[in-house]
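A.B. asks: Sharing a model that was predicted from the sequence below.
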Number of protein chains: 2
Amino acid sequence: MWTYETTVNWSEGKKGETGSEGKPGIGISTPPEFGGPQGFWTPEDLLTSSVASCVLTSTLFFAEKGGIGLRSYKSKSTGTMEKTPAGLAITGVKIEVSIELEDAGQEAEIRKAVERAEKTCPISNSLKCPVEVALSVS
Amino acid sequence: MWTYETTVNWSEGKKGETGSEGKPGIGISTPPEFGGPQGFWTPEDLLTSSVASCVLTSTLFFAEKGGIGLRSYKSKSTGTMEKTPAGLAITGVKIEVSIELEDAGQEAEIRKAVERAEKTCPISNSLKCPVEVALSVS
């Protein structure tokens, strides 16, 4: 069992800060479309990044295990929130991953590694909604 | 329908950065217990903060609606990850919220507001695991 401890403190208006020991604080707010200010991380942004960073760290794990060298890994992620019968909820997260390989001959291996990352990422495993990963390799 | 777009890019080793347009970037990494460095936000931290910041923003919404003035709002949150039959997953998030009221006579009202926040928070609604909120009011 592993535990992750963070703090969330209100500052003023619809703003606050989240912290975790030994790490830089992150300014947070209600999303602008619900009356919050611009320029702050929202709960929905953090969830989207949580899933996408889990896909990265899981991919790095399987790439290392499989001896696959990466030149770069970039991703764009979109979390969708909708009204559902149970209230507002995140209904899907899509992640477009672009990977450049050191050895282009390892495309099949990296595709398998990302597929395994997608299936075993602990954050995806914790969500009710689907997480889709689209991968481009060069 | 609302969408939340973020990026996650690998830098080196088990580290990277997550971004969202117009907001400061956040350094991320694999958790130290899985071979990552110290001092970076992990996917599990981000998920924990996502839930806890959602409880804050939802509480602020219901407090404003109910005309409840807050002097302060602080919270500590713990996300727990465990091995499950479906693989590693977040199995619970506990949030201890401490609120100081402008008018101590509104304790019943703020308790109701936090209860509604807990029930309607879109992030909690999106998780398979339970989210528990313990509230102390002064």
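C.D. replies: Nice, thanks for sending it over. Numbering: from 1, shown residues only, chains lettered A, B, ... in the order given.

A.B. asks: Count the residues that sit near residue A:127.
C.D. replies: Neighbourhood size, residue A:127 [other C-beta atoms under 10 Å in any protein chain shown]: 25. C-betas here are computed from N, CA, C, even on glycine.

A.B. asks: And residue A:28, by the same measure?
C.D. replies: 29.

A.B. asks: For the residue nearest to residue A:73 when sequence neighbours are not counted, give the beta-bridge partners.
C.D. replies: Spatial nearest neighbour of residue A:73, excluding adjacent residues (C-beta to C-beta, 6 or more residues apart in numbering or on different chains): residue B:10 at 3.8 Å. Beta-bridge partners of residue B:10, counted by DSSP bridges, are residue B:16.

A.B. asks: what sits against residue B:10?
C.D. replies: By C-beta atoms under 8 Å, 6 or more residues apart in numbering or on different chains, the contact set of residue B:10 is A:56, A:60, A:70, A:72-74, B:16.

A.B. asks: now swap in residue A:91 and tell me
C.D. replies: Neighbouring residues of residue A:91 by C-beta under 8 Å, 6+ apart: A:80-82, A:84, A:129.

A.B. asks: With distance to residue B:65 as extra columns, can I get those residues in JSON lines?
C.D. replies: Shown next, in JSON lines, are these (distance: C-beta to C-beta, whole Å):
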{"residue": "A:80", "distance to residue B:65": "26"}
{"residue": "A:81", "distance to residue B:65": "20"}
{"residue": "A:82", "distance to residue B:65": "22"}
{"residue": "A:84", "distance to residue B:65": "21"}
{"residue": "A:129", "distance to residue B:65": "27"}
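
A.B. asks: Which of the contacts of residue B:10 are buried? Put it as a ChimeraX command.
C.D. replies: Buried subset of the contacts of residue B:10, written as a ChimeraX selection, criterion 16 or more other C-beta atoms under 10 Å in any protein chain shown:
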select /A:56,60,70,73,74 /B:16
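
A.B. asks: Specify the helix with the largest residue count in chain A.
C.D. replies: The longest helix of chain A (DSSP state H) is helix A:43-65.

A.B. asks: buried set for it?
C.D. replies: Quick answer for helix A:43-65 (16+ other C-beta under 10 Å): A:43-63.

A.B. asks: pLDDT of it, averaged?
C.D. replies: Helix A:43-65 comes out with an average pLDDT of 98.

A.B. asks: Residue A:9 is in contact with residue B:70, isn't it?
C.D. replies: No. With contact defined as C-beta atoms under 8 Å, residue A:9 does not count as touching residue B:70 (11.5 Å).

A.B. asks: so residue A:131 touches residue A:51, yeah?
C.D. replies: Yes. Between residue A:131 and residue A:51 a contact is recorded at 5.8 Å, counting by C-beta under 8 Å.
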